[in-house]
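[1] Model the following, please.
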Amino acid sequence: MQGKYITRAIESKLMAAAQSYKVVLVTGSRQVGKSTLLKKLFPGCRYVTLDDPFLEQQARENGGMFLTLNPPPAVIDEVQHAPELFRYIKMRCDETDERGLFCLSRSQQFHLMKGVSETLSGRIAVIELNGLSLREILADGFSLPFLPTMEYVQARGKTARAPGNIWEIIHRGAYPELQDPALDWASYYGNYVKTYLERDVRALSAIQELDSFQRFVIAAAARTGQVVNYANIADEVGKDAVTIKSWISILEASGIIYLLEPYANSALKRAVKTPKLYFRDTGLVSYLTRWLSPETLAYGAMSGHIFETFAVSEILKSYANSGLDPRHFVSYYRGHDKPKKKVGGEVIEAEGEIDLIIEADGVLYPVEIKQNANVSPAATSAFQILDKIPDRKRGTGAVICTCPQPGMLRENIFQLPVWYI
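    Residues are numbered from 1 along each chain as shown. Down below sits the predicted model:
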């Protein structure tokens, strides 16, 4: 039985793009709802999926004939299986000034696709579809990207409501099919991992040792919310750091993880320059690291990192669902730019960390993420590091946590429930 369709926040952006461009490409990992979305919004278009081996072979071997048999307007799903098709799509686009000729989907991140941007430059709009946001799960139509300002908090308060149990949502995950409570959680993720390894990994790279790659995926999941340490993962998996770096890029390209880049500014001379790794779906992290219920997850050793992963993912979704690339807005800081402090009479270098820095219009908004309901103002002491940057202004900051209502932690720092994202 097919579940109820969940309205997606990106729908208006997708429809507008189809009216303005000849080709629209929807990217996102497997099972985030790309096919369902395209079928719902474009019911009058011919639909073909290259997950079908016969159609994939046709598209790869004779792209011209494939498009003759499947003329526009057409939806072509999982187009990454036949990259040869893009040149024929370009030729068809150049024959007319019509818009909305092709709607494509692809289970890979666009900025990591080789050759596609050059082939269809000026003809294609790219829409990133993530797993369901908390807003979408709760049928909350609020559409602004997260920003810890008074204007945002006041606007958000008009529709925001607390979910019954946030840990049930974090554990269940954000894939649309899993919103059916009758669907078995462990079986779904078991099949997901198997399909991912057998289809997407083989398609992206000629990896033969799938058992080793699966051990790597589990090792990476155990490090969600942490700065990437290639050597550390390599030691655990029994591979070299070069291989691990290559495998990390596969997880990123297939939309399994997000690499959050460090904030770069010449005023911060002692900052870590390595990205942080976040899994995009907390249900998948919970499955891979064997937290088998919301209760064990909430009180387990990884609860802080997985709560942070959830909050970061929600913020990234708020930007992507507004048609904005979060890589241009969101970063983090860790380093020794913080003033030295005395401990037991000894002066030591204090490492400072800011979980997220959101930049908008030349203003830097620092964000800290804590799973507790009660937060000390000391948790925001690193925010002052941003005052060292001469060409940027520090805006209001926020601590995202599980407090019941928004409030002020300090004069310029909010304390916000995670459902205010």
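
[2] For the nearest residue to Ala139 once chain neighbours are set aside, give me the pLDDT.
    Counting by Cβ to Cβ, 6 or more residues apart in numbering, Ala139 lies nearest to Thr7, which is 7.2 Å off, once chain neighbours are set aside. All C-beta spots, glycine's among them, are computed from the backbone N, C-alpha and C. What the model reports for Thr7 is a pLDDT of 96.

[3] swap in Thr274?
    At Thr274, the model reports a pLDDT of 95.

[4] wait, doesn't it sit right on Val228?
    Yes: counting by Cβ atoms under 8 Å, Thr274 touches Val228, with 5.6 Å between them.

[5] Looking at these two, which one has more neighbours?
    Neighbour count, other Cβ atoms under 10 Å: between Thr274 and Val228, Val228 has more, with 18 against 14.

[6] wait, the more buried one sits on Ile248?
    Yes: contact status for Val228 versus Ile248: in contact at 6.8 Å, counting by Cβ under 8 Å.

[7] what's the overlap in contacts for these two?
    Jointly contacting Val228 and Ile248 under the rule Cβ atoms under 8 Å, 6 or more residues apart in numbering are 259, 277.

[8] pull the helix or strand with minimum mean pLDDT from this protein.
    The weakest-scoring helix or strand in the chain, judged by mean pLDDT, DSSP states H and E, is strand 341-343 (a mean of 60).

[9] ok so, going back, specify the local secondary structure of the residue nearest to Ala139.
    coil (DSSP: H, G, I helix; E, B strand; the rest coil).

[10] Show the low-confidence segments of the chain, by residue range.
    Within the chain, the stretches with pLDDT under 70 are 1-3, 108-118, 203-204, 206, 338-350.

[11] Can you spell out the domain ranges of it, please?
    11-128, 134-420 (automatic domain parsing).

[12] all strands of the stretch 151-300 of the chain, in order?
    Ranges of strands in the stretch 151-300 of the chain, per DSSP state E, counting those that start in this stretch, are 226-227, 257-260, 276-279.

[13] of all those strands, which lies closest to Arg92?
    Closest approach to Arg92 among those is made by strand 257-260 (33.6 Å; Cβ to Cβ).

[14] Just the buried residues of the closest one, please?
    Residues 257-258, 260 are the ones in strand 257-260 that count as buried (16 or more other Cβ atoms under 10 Å).

[15] same check, this time on stretch 205-219
    Quick answer for stretch 205-219 (16+ other Cβ under 10 Å): 207, 213-219.

[16] just stretch 119-133 next, same as before
    Residues of stretch 119-133 classed as buried: 120, 123-133 (neighbour count, 16+ other Cβ under 10 Å).

[17] would CSV of those residues with secondary structure and distance to Arg172 be doable?
    CSV is the format used below for the buried residues of stretch 119-133 (DSSP: H, G, I helix; E, B strand; the rest coil; distance: Cβ to Cβ, whole Å):
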residue, secondary structure, distance to Arg172
Leu120, coil, 37
Arg123, coil, 39
Ile124, strand, 34
Ala125, strand, 32
Val126, strand, 29
Ile127, strand, 25
Glu128, strand, 22
Leu129, coil, 19
Asn130, coil, 16
Gly131, coil, 11
Leu132, coil, 10
Ser133, coil, 14
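
[18] I figured Ala271 hits Tyr332, correct?
    No: contact between Ala271 and Tyr332 fails when scored by Cβ under 8 Å: they sit 9.7 Å apart.

[19] thinking again about what came up before, which one of the strands of the stretch 151-300 of the chain lies closest to Ala82?
    Ala82 lies closest to strand 257-260 among these, at 25.5 Å (Cβ to Cβ).

[20] need the helices for the stretch 1-150 of the chain, in chain order.
    11-20, 34-41, 53-61, 63-69, 85-93, 116-119, 134-137, 150-156 (DSSP state H, counting those that start in this stretch).

[21] Quick one, which of those gets closest to Tyr287.
    Closest approach to Tyr287 among these (Cβ to Cβ): helix 134-137, 18.4 Å.

[22] What lies in contact with the closest one?
    So helix 134-137 is contacted by 6-9, 140-142, 163, 169, 174, 179, 314, 318, 418-419, 421 (Cβ under 8 Å, 6+ apart).

[23] Recalculate using a threshold of 7 Å.
    By Cβ atoms under 7 Å, 6 or more residues apart in numbering, the residues outside helix 134-137 that reach it are 6, 8-9, 142, 169, 179, 314, 419, 421.

[24] With stretch 218-230 instead?
    Applying Cβ under 7 Å, 6+ apart, the external contacts of stretch 218-230 come out as 233, 236-237, 241, 244-245, 248, 251, 257, 272, 274-279, 285, 288-289, 305-306, 308-309, 334.

[25] need the contact list for the residue nearest to Leu251 when sequence neighbours are not counted.
    Nearest non-adjacent residue to Leu251, counting by Cβ to Cβ, 6+ apart: Ile257, 4.4 Å away. Ile257 makes contact with 220, 251, 277-280, according to Cβ under 7 Å, 6+ apart.
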